[in-house]
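In: after the sequence you'll find the predicted model.
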Amino acid sequence: MAASFEFGIKSIRFDGNYRPSNNTRITTNFANLARGASREDNLLNTLQMIDNRFNGLANWDNPKADRYSVELDIVSVDLDVEGKGEAFPVIEVLKTTIIDRHSGQRIDGLVGNNFSSYVRDYDFSVLLLDHNKNKSEFSMPDNFGDLHGKLFKNFVNSSAYKKHFHKKPVICLSVSSSKVYHRTGNVHPILGVEYQQNERSSTDLYFEKMGLQVRYFLPPNSSAPLAFYFCGDLLSDYTNLELIGTISTMETFQKIYRPEIYNANSVAGNCYQPSLKNKDHSLTQIVYDREERSRLAVEQGKFTEEHFIKPYQHILQQWSAQNAV
């Protein structure tokens with residue numbers, strides 16, 4: 001049985017009317033916000049925070065700090081392994097579009113931003129846990145992340161991706177609370193002060209297999225650095241407005257999900273280790289269930305094992321062996 005690997009791309013607007021689709025991972029950050037009694041307030045307040053942050057960073061020719069607005073589309077990627085119309089949801093990312101209210105222009109932003117993956121849930125919440133069960137010392141399974149990395153690179157190089165997006169993705173995540181970050185003398189006008197890490201995290205190694213390298217920047221008026229995963233040249237390949245769209249979107253989400261780090265009342269120093277136990281932070285007015293997200297990651301990892309890994313195991317193994325990392 002041969003693999004044909006056909007990718008399908010769908011998108012849905014993330015706005016005040018957003019409701020998660022049946023294929024959206026429930027633990028996906030924006031899906032968590034869109035449920036429960038506070039869903040509408042959550043969505044509208046989140047979008048307002050993004051717009052405010054964007055205008056704060058894009059402050060040239062913007063005296064009232066209201067020139068720009070950011071539209072967000074949730075991009076869902078399905079994979080049909082055998083080309084028989086049986087698709088599995090493999091990746092979900094965000095696409096930004098910038099609205100210039102002065103000119104009426106719609107400006108393409110970046111694709112990536114948030115990154116959601118059922119296969120990553122399987123790798124970290126099923127495979128990795130099983131591998132380390134009853135072991136005294138933590139270790140990674142052989143070839144951990146290889147399949148996921150190859151699937152991602154295959155998607156980015158696919159005709160489906162190139163048809164919809166004209167630049168490579170940039171994914172923006174929280175820094176790791178287990179690592180130490182050191183401030184450097186490098187300062188970018190939009191990304192801010194660059195930090196360097198004492199050692200690579202498991203996420204860094206995992207994303208490296210996806211063909212992505214990482215740099216850490218503390219944007220102006222931020223509390224903590226953000227981790228930017230990209231291929232190519234982060235500082236040269238993207239415009240200021242594209243970068244601001246990613247910063248304003250993902251910093252807003254991080255203030256909601258990790259207020260101890262990104263809504264802290266003090267700014268990261270020259271030597272910085274993030275902590276989710278930091279009590280000196282402020283809360284947003286947005287309701288988010290962090291415990292539910294952790295619990296459901298295991299359930300979704302098992303769903304992936306049952307509906308994707310096991311049914312296509314031999315095909316995926318053969319395909320992975322034939323494709324270089």
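Out: Ah, there it is.
In: and the strand or helix carrying Cys172, how far out from the chain's middle?
Out: Assessed by DSSP states H and E, Cys172 sits inside strand 170-174. With CA atoms, centre = their mean, to the nearest Å as the basis, strand 170-174 stands 5 Å off its chain's centre.
In: one more: stretch 94-105?
Out: Distance, centroid of stretch 94-105 to centroid of chain: 21 Å (CA atoms, centre = their mean).
In: mind saving the C-alpha coords of it as CSV?
Out: C-alpha atoms of stretch 94-105 as CSV (Å, rounded to 0.1, in the frame of the first residue of the first chain):
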residue,chain,number,x,y,z
LEU,A,94,-3.0,30.8,12.5
LYS,A,95,-2.8,33.3,9.6
THR,A,96,-2.8,37.0,10.2
THR,A,97,-4.1,39.7,7.9
ILE,A,98,-3.5,43.4,8.7
ILE,A,99,-6.2,46.0,8.0
ASP,A,100,-4.9,49.5,7.4
ARG,A,101,-7.9,51.7,8.2
HIS,A,102,-6.2,54.8,6.7
SER,A,103,-5.7,53.4,3.3
GLY,A,104,-8.3,50.6,3.3
GLN,A,105,-5.5,48.2,2.3
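In: got the buried residues for it?
Out: Neighbour-count burial for stretch 94-105 flags Leu94, Lys95, Thr96, Ile98, Ile99 (criterion: 16 or more other CB atoms under 10 Å). C-beta: built from backbone N, CA, C; applies to glycine.
In: where does the stretch 151-300 of the chain have low pLDDT?
Out: Low-confidence segments of the stretch 151-300 of the chain (pLDDT under 70): 288-295.
In: all strands of this structure, in order?
Out: Per DSSP state E, the chain carries strands over the ranges 6-14, 68-80, 87-100, 106-117, 170-174, 181-188, 192-197, 213-218, 226-230, 271-272.
In: quick one: which of the buried residues of stretch 94-105 is nearest Asp73?
Out: Asp73 lies nearest to Lys95 out of the buried residues of stretch 94-105, by CB to CB, at 4.5 Å.
In: where do the helices sit along the protein?
Out: For the chain, the helices defined by DSSP state H cover 29-33, 39-57, 118-122, 128-132, 146-156, 159-164, 202-208, 240-257, 259-262, 290-304, 313-322.
In: now tabulate those helices in a markdown table and tack on mean neighbour count and distance to Val77.
Out: Formatted as a markdown table, the helices of the chain follow (neighbours: other CB atoms under 10 Å; distance: least, CB to CB, whole Å):
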| stretch | mean neighbour count | distance to Val77 |
| --- | --- | --- |
| helix 29-33 | 21 | 16 |
| helix 39-57 | 19 | 23 |
| helix 118-122 | 24 | 11 |
| helix 128-132 | 14 | 23 |
| helix 146-156 | 20 | 6 |
| helix 159-164 | 12 | 8 |
| helix 202-208 | 18 | 17 |
| helix 240-257 | 24 | 19 |
| helix 259-262 | 21 | 27 |
| helix 290-304 | 16 | 14 |
| helix 313-322 | 14 | 16 |
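In: okay, those in JSON lines with distance to His281 next?
Out: Below are those laid out as JSON lines (distance: least, CB to CB, whole Å):
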{"stretch": "helix 29-33", "distance to His281": "18"}
{"stretch": "helix 39-57", "distance to His281": "16"}
{"stretch": "helix 118-122", "distance to His281": "27"}
{"stretch": "helix 128-132", "distance to His281": "29"}
{"stretch": "helix 146-156", "distance to His281": "32"}
{"stretch": "helix 159-164", "distance to His281": "38"}
{"stretch": "helix 202-208", "distance to His281": "22"}
{"stretch": "helix 240-257", "distance to His281": "9"}
{"stretch": "helix 259-262", "distance to His281": "5"}
{"stretch": "helix 290-304", "distance to His281": "14"}
{"stretch": "helix 313-322", "distance to His281": "42"}
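In: please consider this matter closed, and thank you.
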